[in-house]
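A.B. asks: Next come a sequence and a model predicted from it.
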Amino acid sequence: VGETAQRLEVAIDGLLAARLGVDGGRDRADYQINWIVGCNPAGVALMEGVGSSFVPGYHHRYNAIPGNPRGAVPGAILNGFVRAFPHVDRPWLDLYPAPNADYHANEPWLLQNNRWLEVLAWW
């Protein structure tokens, strides 16, 4: 669920290709990372604390912490854009200010956060 993990896998491939001397490998990785930090159609960073605009809410129990009604997890990367409904083929990210954001798009999973660590390792 979510396209952020796939974007990070492409970034990893680009960084590995750059290490092997492939032209454009680093550019491919940069493009994917820029998308995650806010250069996407919604203009929001999918990584909390990096960028200038963020989703209004996370699907996370951190929203039970006093003073953190958004449930923001510092440094966490969201699942990202998903299909709004199984029968509707268009990208969607939960930008509604209601509590308990959608888990498909607005939940930080280990999958993409582990991929981010691998990107950092190859950077």
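C.D. replies: Everything's here; your move. Note that the structure is a prediction, hence the values are computed from the model and not measured.

A.B. asks: lowest-confidence helix or strand of this structure?
C.D. replies: Least confident helix or strand, the chain: strand 82-85 with a mean of 83, by mean pLDDT, DSSP states H and E.

A.B. asks: show me what contacts the residue sitting furthest away from the middle of the chain?
C.D. replies: Ranked by distance from the centre of the chain (C-alpha atoms, centre = their mean), the top residue is Gly21, with 27.6 Å. By C-beta atoms under 8 Å, 6 or more residues apart in numbering, the contact set of Gly21 is empty. Placement of C-beta: from N, CA and C, glycine included.

A.B. asks: again, but for Pro74
C.D. replies: 48-49.

A.B. asks: Repeat that for the one 4 residues further on.
C.D. replies: Leu78 makes contacts with 2, 4, 46-47, 55, 58, 105-108, 112, as judged by C-beta under 8 Å, 6+ apart.

A.B. asks: Test of understanding: give the bridge partners of it.
C.D. replies: Following DSSP bridges, Leu78 is listed with bridge partners Pro108.

A.B. asks: if I look at it, how far off is Tyr62?
C.D. replies: 13 Å (C-beta to C-beta, to the nearest Å).

A.B. asks: longest helix anywhere in this protein?
C.D. replies: For the chain, the helix reaching the highest residue count under DSSP state H is reported as helix 4-19.

A.B. asks: So what's the gap between that one and the chain middle?
C.D. replies: In terms of C-alpha atoms, centre = their mean, to the nearest Å, the centre of helix 4-19 is found 14 Å from the chain centre.

A.B. asks: Counting by contacts, list what the next helix or strand along the chain from it packs against.
C.D. replies: Under the assignment DSSP states H and E, the closest C-terminal helix or strand after helix 4-19 is helix 25-36. Helix 25-36 sits against helix 4-19, with contacts defined as 3 or more C-beta pairs under 8 Å, 6 or more residues apart in numbering; DSSP states H and E.
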